[in-house]
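Chemist: Please find the sequence and the predicted model below.
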Amino acid sequence: MKKFTLLLVLLGLVPFSGFCQSLQEKLGYPKDSKLLIIHGDDVGVSHSQNKATFEAIKNGLVTSTSMMLPAAWSAEVAQMAKEISNPDIGIHITLTNEWYQYNWGPEAGKTAAPGLANPLGHMYPTCVEVSEHASPEEVEMEVRAQIESAKSLGIDITHLDSHMGCMFFGRPEYLKIYVKLALEYEIPAMLNQQILQSLILPNKPLFEGLNVDKLPVIDQIIMADEAAYESGMEEFYTEALKNLPAGVHVLLIHLAFDDEEMNAVTAGHDSFHAPWRQADYDFFTSEKAKNLIEKEGIKLITWREIGKVMKIK
């Protein structure tokens, strides 16, 4: 039957799009499935962040996380990961340091990657400043250093993603590095249809020689913003889950406790602060969220599962 369908495609009698498997079908689910990764960003930033995230993995709905290697608490991530069977942990590629009183420098070292360090030796607070100072060569060196550091800690890396989106919205060459290293290490890079359609396909010459088609592409990335926090995180997440369409999606959240440590780390910021992160933890460890996901027929998955699809191509 498959050979007959392929013949019809080649003859132009059936559109190619009708023959292609969706990502959910490649994962072994029906085409109309609603698949979701609930992903806790930023582990490694603080003990509060680590503890809340791993508790939400063990007792809540979080299925994936990614670590910030340059931050001070990244080694603890490796210890906490031992408490979980097959933890889904990626590299949260970190090129910035946005906090006012808590600072870190490049994992590769400020001498090796001077474009990633300000005069104090700390990473810059914004992606714009990274783009102004850091060469693609320095960024590739730094990403490799973060990957290798995680491996040296015993982390079985399941994917790559990008802190503050610097790999997507910095220099175009940064995105090429992101794709290149995902293919080299044979792990998925978090790419959605928007990034594919707006940044990769219009710049095909930049990715020449790279088999971009091998990388799985999810449908959408969902994340709360300042408006969502002001209106209520529970309301935002409830609506997002109720309106989740068929496809493969990632819901990015940031978990920590509203404690003294996390308030000190995030001091002076109006978003992604300790109360914000506590709200994420509260919702995604609640019975209400569990019941809602079950009611909406949402299947929770991991990047590890998506990686298996990539490796069999």
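Modeler: Noted; the coordinates are in hand.

Chemist: Spatially central residue for the chain, please.
Modeler: Note on the chain: the residue nearest the mean C-alpha position is D161, at 3.9 Å, using CA atoms, centre = their mean.

Chemist: Select the longest helix from the chain.
Modeler: If each helix of the chain is counted by residues according to DSSP state H, the longest one is helix 136-152.

Chemist: Spell out, range by range, the strands that occur in the protein.
Modeler: In the chain, the strands defined using DSSP state E lie at 34-43, 64-67, 89-93, 157-162, 220-223, 247-253, 298-300.

Chemist: Let me know which of those strands is the nearest to A117.
Modeler: Ranking the strands of the chain by their distance to A117 (criterion: CB to CB) puts strand 89-93 first, at 16.2 Å. The C-beta positions use only the backbone N, C-alpha and C, and glycine is treated the same way.

Chemist: quick one: D42 and M68 touch, right?
Modeler: Yes - A contact is recorded between D42 and M68 when judged using CB atoms under 8 Å, the distance being 6.0 Å.

Chemist: Mutual contacts of the two, please.
Modeler: Common contacts of D42 and M68, defined by CB atoms under 8 Å, 6 or more residues apart in numbering, comprise H92, H163.

Chemist: sorry, back to before: any chance of a markdown table for the strands of the chain, columns distance to F207?
Modeler: Compiled in a markdown table, the strands of the chain are given as follows (distance: least, CB to CB, whole Å):
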| stretch | distance to F207 |
| --- | --- |
| strand 34-43 | 25 |
| strand 64-67 | 23 |
| strand 89-93 | 18 |
| strand 157-162 | 16 |
| strand 220-223 | 20 |
| strand 247-253 | 22 |
| strand 298-300 | 31 |
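
Chemist: re the thing from before, keeping just the C-alphas, turn the longest helix of the chain into PDB.
Modeler: Provided in PDB are the C-alpha atoms of helix 136-152 (Å, rounded to 0.1, in the frame of the first residue of the first chain):
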ATOM      1  CA  PRO A 136      30.600  32.900  15.800                       C
ATOM      2  CA  GLU A 137      33.900  31.100  16.600                       C
ATOM      3  CA  GLU A 138      33.700  32.100  20.200                       C
ATOM      4  CA  VAL A 139      30.100  31.100  20.500                       C
ATOM      5  CA  GLU A 140      30.800  27.700  19.000                       C
ATOM      6  CA  MET A 141      33.700  27.200  21.400                       C
ATOM      7  CA  GLU A 142      31.400  28.200  24.300                       C
ATOM      8  CA  VAL A 143      28.500  25.900  23.300                       C
ATOM      9  CA  ARG A 144      31.000  23.000  22.900                       C
ATOM     10  CA  ALA A 145      32.400  23.700  26.300                       C
ATOM     11  CA  GLN A 146      28.900  23.600  27.900                       C
ATOM     12  CA  ILE A 147      28.100  20.400  26.200                       C
ATOM     13  CA  GLU A 148      31.300  18.700  27.200                       C
ATOM     14  CA  SER A 149      31.000  20.000  30.800                       C
ATOM     15  CA  ALA A 150      27.600  18.400  31.100                       C
ATOM     16  CA  LYS A 151      28.900  15.200  29.700                       C
ATOM     17  CA  SER A 152      31.800  15.200  32.200                       C
END
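
Chemist: From A52, how far out is K151?
Modeler: 25 Å (CB to CB, to the nearest Å).

Chemist: Between the two, point out the one with more neighbours.
Modeler: With neighbours defined as other CB atoms under 10 Å, K151 and A52 compare such that A52 has more, 29 against 13.
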